[in-house]
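[1] Sharing a model prediction with you, sequence too.
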Amino acid sequence: MHLDNENDSEDIEVRLLLEAIFLKYGSDFRSYSRLSVKRQILKMVKDQNLGNISELQHKMIWDELFFKSILPKFSINVTEHFRDPSFYKAFRNDVVPFLRTYPSLKIWHAGCATGEEVYSMAILLEEENLYEKTQIYATDINIKALEIAKGGKYLSRNLSTCSENYLKSGGKKSFSEYISVQDMDFIMDKKLKKNILFIDHNLAVDETFVEAHVILCRNVLIYFNEVLTRRVIKLFYDSLQKHGFLCMGLRESIMRSANKEHFKYLNRDGKIYRKVPSESFNRMVK
Ligand SMILES: C[S@@+](CC[C@H](N)C(=O)[O-])C[C@H]1O[C@@H](n2cnc3c(N)ncnc32)[C@H](O)[C@@H]1O
């Protein structure tokens, strides 16, 4: 077969680059949605003033320091405090009443990026008097993003959006009560960090490490292909307690996945699911 159009050649270059990265460094982006990975790669080529993807591949394979510096660019870390306020409202109304009945709580934020989602949840739990009994695990593959998340320091220019989102989400106080402002930045209150562990974890290759009551994985699976999505949903099933809660991004759905019968909707608009414990547990599609 002869592929002579430019896009096909570019697609081949993308595949070769991802294979080369995997062989050389073990980082596996081969099961990411090809379109979004290609977009990221073409941006790297442009930012580095290179002629094509093959030149980028050469640089990545022969220069480990360069590879390490550019690795975080494979992940898209867009996020904000109380992103999609209607989700947090749904969580307060429909999940919190269940959480009150447990003596202790474990919550896993998978793909937490720079931590805004995690601190938003910590605030919500604090207001519902649940924070003290909760251990939060926040994971991502992007080490730089995790460092920012640990610091909990964000740009003051985003404060008005944070406050607006917080109020729309059903916040009971004022967002300013949870931060201190320092010049151009604001810093999340130390009290909120107490029960949060930030951990480097790769959904594509790592195994389960917790049995959680709630897993949030919002706006992450959109970057994965069908095979990787199935792996991750199986991982979440294995990592959830009986009847545990799974929260996805508002534009995501697991109901198209092969494992859909293992979850049922708790709140359809908020994309909040509940695990259906099943005897066929081991027969889940891998
Ligand atoms: C768009 S952000 C979503 C942040 C947050 N959950 C939200 O909804 O605002 C996607 C995050 O998924 C992370 N990610 C991508 N692939 C991952 C993987 N294989 N394992 C863990 N995290 C991953 C990225 O590093 C990025 O921080």
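    Looks like it came in fine. Numbering: from 1, shown residues only.
[2] Contacts only, for residue 20.
    57, 60-61 (CB atoms under 8 Å, 6 or more residues apart in numbering). Just so you know, the C-beta spots here come from the backbone N, C-alpha and C atoms, and that holds for glycine as well.
[3] if we go to 10 Å?
    54, 57-58, 60-61 (CB atoms under 10 Å, 6 or more residues apart in numbering).
[4] quick one: residue 99 and residue 121 touch, right?
    No: in this structure, residue 99 is not within contact of residue 121 by CB atoms under 10 Å, at 11.2 Å.
[5] who touches both of the two?
    Joint contacts of residue 99 and residue 121 (CB under 10 Å, 6+ apart) are 91, 107, 130, 134, 214.
[6] quick revisit: which of the contacts of residue 20 lies closest to residue 87?
    For the contacts of residue 20, the residue nearest residue 87 by CB to CB is residue 60; the value is 36.8 Å.
[7] neighbours around that closest one, how many?
    Residue 60 has 20 neighbouring residues, counting by other CB atoms under 10 Å.
[8] Which entries within the contacts of residue 20 meet the buried criterion?
    Burial by neighbour count, judged by 16 or more other CB atoms under 10 Å, picks out 54, 57, 60-61 from the contacts of residue 20.
[9] Tally up the residues packed near residue 120, please.
    Using other CB under 10 Å, residue 120 has 29 other residues around it.
[10] There's contact between it and residue 89 in this structure, I believe.
    No: counting by CB under 10 Å, residue 120 sits too far from residue 89 to count as a contact (12.0 Å).
[11] Next, show the common contact partners of the two.
    Shared contacts of residue 120 and residue 89, defined by CB under 10 Å, 6+ apart, comprise 82, 169, 171.
[12] Quick one: residues contacting the second one.
    In this case it means residue 169. Per CB under 10 Å, 6+ apart, neighbours of residue 169: 81-92, 120, 123-124.
[13] nearest to the ligand, of these?
    Nearest to the ligand out of those is residue 83 (CB to the nearest ligand atom; 4.6 Å).
[14] Neighbours of residue 205, how many?
    11.
[15] Kindly report the same for residue 185.
    Neighbours of residue 185 (other CB under 10 Å): 15.
[16] Quick one, grab the pLDDT at it.
    Note for residue 185: predicted pLDDT of 97.
[17] what separates it from residue 85, distance-wise?
    23 Å (CB to CB, to the nearest Å).
[18] Next: residue 54.
    Separation of residue 54 from residue 85 (CB to CB): 45 Å.
[19] again with residue 40
    28 Å.
[20] Get me the contact residues on the stretch 101-250 of the chain for the ligand.
    111-113, 117, 140-142, 145, 202-204, 218-220, 223, 249 (CB under 6 Å from any ligand atom).
[21] ok, 5 Å please
    Within the stretch 101-250 of the chain, the positions near the ligand by CB under 5 Å from any ligand atom are 111, 113, 117, 140-142, 202-204, 218-220.
[22] so which pair among the residues you listed is furthest apart in space?
    Farthest apart among these by CB to CB are 117 and 204. That separation is 19.9 Å.
[23] neighbour-wise, which of the two wins?
    Neighbour comparison, residue 117 and residue 204: the larger count goes to residue 117, with 26 against 16 (by other CB under 10 Å).
[24] mean confidence score for the helix or strand the more buried one falls within?
    Element membership for residue 117 (DSSP states H and E) is helix 116-127. Helix 116-127 comes out with an average pLDDT of 98.
[25] swap in stretch 247-261?
    Stretch 247-261 shows a mean pLDDT of 81.
[26] measure it end to end?
    End-to-end distance for stretch 247-261, by CA to CA, to the nearest Å: 16 Å.
[27] among the shared contacts of residue 99 and residue 121, which are in strands?
    Among the shared contacts of residue 99 and residue 121, the residues falling in strands (DSSP state E) are 107, 134, 214.
[28] Scan the residues you listed and report the most crowded one.
    Of those, with other CB under 10 Å as the count, residue 107 tops at 26 neighbours.
[29] residues in contact with that residue?
    Contacts of residue 107 by CB under 10 Å, 6+ apart are 99, 118, 121-122, 125, 130, 134-138, 195-196, 210, 212-216, 244-245, 247.
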